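Q: below is the structure, and that's it, no one-letter string:
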């Protein structure tokens, strides 16, 4: 008994002491954090912590959105009439000199948030450190084709690629330029205090809590409208929506499809829905003898009612897929019809090939994409209706992904984003025999893809891309289902919010009506 | 005495090594690794393997473990893979939020539960006793996940008197602390009720009443103190539980504490981060037990002799 009481007292005492210390430490911060409405501040709720804001390493949707306010790439996607183009940002001009050489001329008079002017050396430093294995950056895959970066004076950067490649510009859209001397000065701290050239600069990043930005007054272009932007990290979907409804936040990303009606019927809220550059599809594992048969894949595809999924589960917020590429990207084939749905034909095909009811293992992540679990339960049901013996497993993404890699599933669901609007990059791991996830092999596809990567001229490349999409449509190495919808809830008093195909939330022009 | 403490310290180190080894091995047994999650959908096998090599994840487990122990000896607990910062720094950043939450949850539970339990005991078998008992039963069985959501919808969205979630202002702590406290609150109330009832039946209480003391003095002077002892023990034990229970509550209320950090590190399979979290929790428990043992030994010398 005595021992217990002693144990208890120590525990309680320790906690009291620690709390007392922390209270003193964090005492001041409550004051400016009143959850009321401030006209000068725009508050955005995002679903995940960015984990790092060093633009050379950031690898998550929320991180991209935050960084897009603080840092700028040489070139970036501009979305006009639902078409994605690449335009210069920090690069005023860019030129393709020959098959391997590119010349970028930087904008004059651009300064980083610490006052240092933007020079070609900063660009070289950013790219080279990303490529350096020491930094371990996942972004290296966007620009792995770069062979050499040279500078010519303050404002000219020359980039030489290893092979003739059309991917360079696309890759560079994902690479924000950062300030070298700040990296040196801040060391690890650069992960939470990045220095870029964007219209907003970092105030504070509190891990798993918030990221606060403040307008950068010496910005080279048109200044941001709000004085401050604050991102709050709220992982729970329902809570994010609740915070929007109560007015704690002005914008909330990733509204789940089953809450669409609730948002639409709320007089204080607007819902912005866009299709994205992400194709959600089923990947076929060619190791399975049934899956390997084209008729079987056709039967699977015909058994799936894509319209029904889109209208009933996703609330009609997107469109059924007709191609392995998302609309808006370079070379998107708009001439292909939506994949056919005909359950009777599917049954007939299965009967003709004497399908013996062997189990088909199907896998899907839960909580990674909009309504992913529900969609896959519906698909499994549809396949069952056609007479296919499906065993569905839904797992949390971090447990699901390794299983796809060891080819555990005969068919699995995933969403592939063509963020760099360079189809070979997001097709590579699924259709090219060199590293196809499902084991799909087609020499014709390999040949066309290799050719497409090296074709720099858009018109020529588009012909190849379209041909490839036709083959994918016919051959069905994957079964595209629909394009991931992105739903953003916005309060009515927020002006000039623009949703984007690339799922970024960029609010530099948005503001709260005073 | 010195020998005794030395011996206990030695034992603690063995426990620590054991805990870190188990965490280390378990993490590597479960399928997948941080690289795969980091590079996600579009990466090729080649890229994945290259990064694994960079991080030393391609080495045999025993070699990775030796490297890890070597670093630990010089107090280098590794950097979080996804955040690039030292894992211990991140833990220290997240610790205050969790302690604050646990502390206020416990305060709420104690302040409400003790009077409630006593009240129920005094009014035994009355209508109010039944109400308290039913509430206590509900409190123990309601899932914190559901309760948290309902509180948000009611108090934050419908009435708009408290913020939905977040951290920094005093008003942010009320909902999560209450959500976290409710189970303990119910537990303590029930315990307090039964221990008060036990004490009420004791001889000295009858004597006190026989002396002609007013009932209120009997309850507060004689019953309260003695009924409190088992409750205090329980409170201590439950505080440890709270630290674990904070995981779900922190996640719902976007509370930037260790629980949130743990969930997120597990999702990203951030090995160094999870290992450090395990080590820190092990250290907390070891330190408490060590202190208890030492103080107990001071109180009762026989323990040293026996050991």
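A: Yep, it's here. No experiment lies behind these values; they were computed from the predicted model shown.
Q: low-confidence ranges in chain B?
A: Along chain B, segments meeting pLDDT under 70 span B:40-43, B:292, B:296, B:299-300, B:303-307.
Q: in the stretch 151-300 of chain B, which residue sits closest to chain A?
A: Among residues of the stretch 151-300 of chain B, the one nearest chain A by Cβ to the nearest Cβ turns out to be residue B:236. It sits 2.6 Å away. Bear in mind the C-beta positions are built from the backbone N, C-alpha and C, glycine included.
Q: now for the helix or strand that residue falls within, which elements pack on it?
A: Assigning secondary structure by DSSP states H and E places residue B:236 in helix B:224-252. Packing partners of helix B:224-252 (3 or more Cβ pairs under 8 Å, 6 or more residues apart in numbering or on different chains; DSSP states H and E): helix A:2-25, helix B:87-122, helix B:144-151, helix B:174-200, helix B:258-267, helix B:271-299.
Q: residue B:56 is in contact with residue B:67, isn't it?
A: Yes. A contact is recorded between residue B:56 and residue B:67 when judged using Cβ atoms under 8 Å, the distance being 6.8 Å.
Q: give me phi/psi at residue A:78?
A: The main-chain torsion angles of residue A:78 are listed as degrees, to the nearest 10 and equal phi -120, psi 130.
Q: nope, residue A:84 is what I meant
A: Dihedral angles of residue A:84 (phi, psi; degrees, to the nearest 10) stand at phi -100, psi 120.
Q: give me the neighbour count for it.
A: Summarising burial for residue A:84: neighbours were counted as other Cβ atoms under 10 Å in any protein chain shown, giving 24.
Q: that one reaches residue A:76, doesn't it?
A: No. With contacts counted by Cβ under 8 Å, residue A:84 stays clear of residue A:76, the gap being 10.2 Å.
Q: show me the domain layout of chain A.
A: Annotated domains of chain A cover A:72-179, A:198-275+A:486-512, A:278-483 [the TED database].
Q: make JSON lines out of those and add distance to residue B:196.
A: Listed next are those as JSON lines, based on distance: least, Cβ to Cβ, whole Å:
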{"stretch": "domain A:72-179", "distance to residue B:196": "60"}
{"stretch": "domain A:198-275+A:486-512", "distance to residue B:196": "39"}
{"stretch": "domain A:278-483", "distance to residue B:196": "46"}
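Q: how close does residue B:275 sit to residue B:68?
A: Residue B:275 sits 7 Å away from residue B:68 when distances are taken as Cβ to Cβ, to the nearest Å.
Q: check the stretch 51-200 of chain B for the residue nearest chain A and tell me.
A: When Cβ to the nearest Cβ is the measure, the stretch 51-200 of chain B has its nearest residue to chain A at residue B:96, with 3.4 Å between them.
Q: neighbours around residue B:201, how many?
A: 8.
Q: counting neighbours, what do you get for residue A:274?
A: 22.
Q: now for it: which residues touch it?
A: Under the criterion of Cβ atoms under 8 Å, 6 or more residues apart in numbering or on different chains, the neighbours of residue A:274 are A:485-486, A:499-501.
Q: can you check residue A:168 too?
A: Listed by Cβ under 8 Å, 6+ apart, the contact set of residue A:168 reads A:102, A:143, A:145-146, A:159, A:161.
Q: among these, which are within reach of chain B?
A: By Cβ under 8 Å from any Cβ of the partner chain, no member of the contacts of residue A:168 lies near chain B.
Q: just send these back as TSV, with neighbour count, secondary structure and pLDDT too.
A: Below are these laid out as TSV (neighbours: other Cβ atoms under 10 Å in any protein chain shown; DSSP: H, G, I helix; E, B strand; the rest coil; pLDDT from 0 to 100):
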residue	neighbour count	secondary structure	pLDDT
A:102	22	strand	94
A:143	21	coil	89
A:145	19	coil	88
A:146	21	strand	93
A:159	24	strand	95
A:161	20	strand	92
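Q: gap between residue A:508 and chain B?
A: In this structure, residue A:508 and chain B are separated by 23 Å, where distance is defined by Cβ to the nearest Cβ, to the nearest Å.
Q: write out the residues of the stretch 101-250 of chain B neighbouring chain A.
A: For the stretch 101-250 of chain B, the residues found near chain A under the criterion Cβ under 8 Å from any Cβ are B:102-103, B:106, B:149, B:152-153, B:156-157, B:160, B:163-171, B:229, B:232-233, B:235-237, B:239-240.
Q: repeat that for 7 Å
A: For the stretch 101-250 of chain B, the residues in contact with chain A (Cβ under 7 Å from any Cβ of the partner chain) are B:102-103, B:149, B:152-153, B:156-157, B:160, B:163-170, B:232-233, B:235-236, B:239.
Q: report the buried members of those residues.
A: Burial by neighbour count, 16 or more other Cβ atoms under 10 Å in any protein chain shown: within those this picks out B:102-103, B:149, B:152-153, B:156-157, B:163-168, B:232-233, B:235-236, B:239.
Q: where does residue A:9 land on pLDDT?
A: Per-residue pLDDT puts residue A:9 at 61.
Q: report the central residue of the chain.
A: By default, I'm working from chain A. Most central in chain A under Cα atoms, centre = their mean is residue A:61, positioned 4.9 Å from the mean C-alpha point.
Q: wrong one, I was asking about chain B
A: The central residue of chain B, meaning the one whose C-alpha is nearest the mean C-alpha position (Cα atoms, centre = their mean), is residue B:243 at 1.2 Å.
Q: setting aside sequence neighbours, what's the nearest residue to that residue?
A: What sits nearest to residue B:243 in space, not counting adjacent residues and going by Cβ to Cβ, 6 or more residues apart in numbering or on different chains, is residue B:102, at 5.9 Å.
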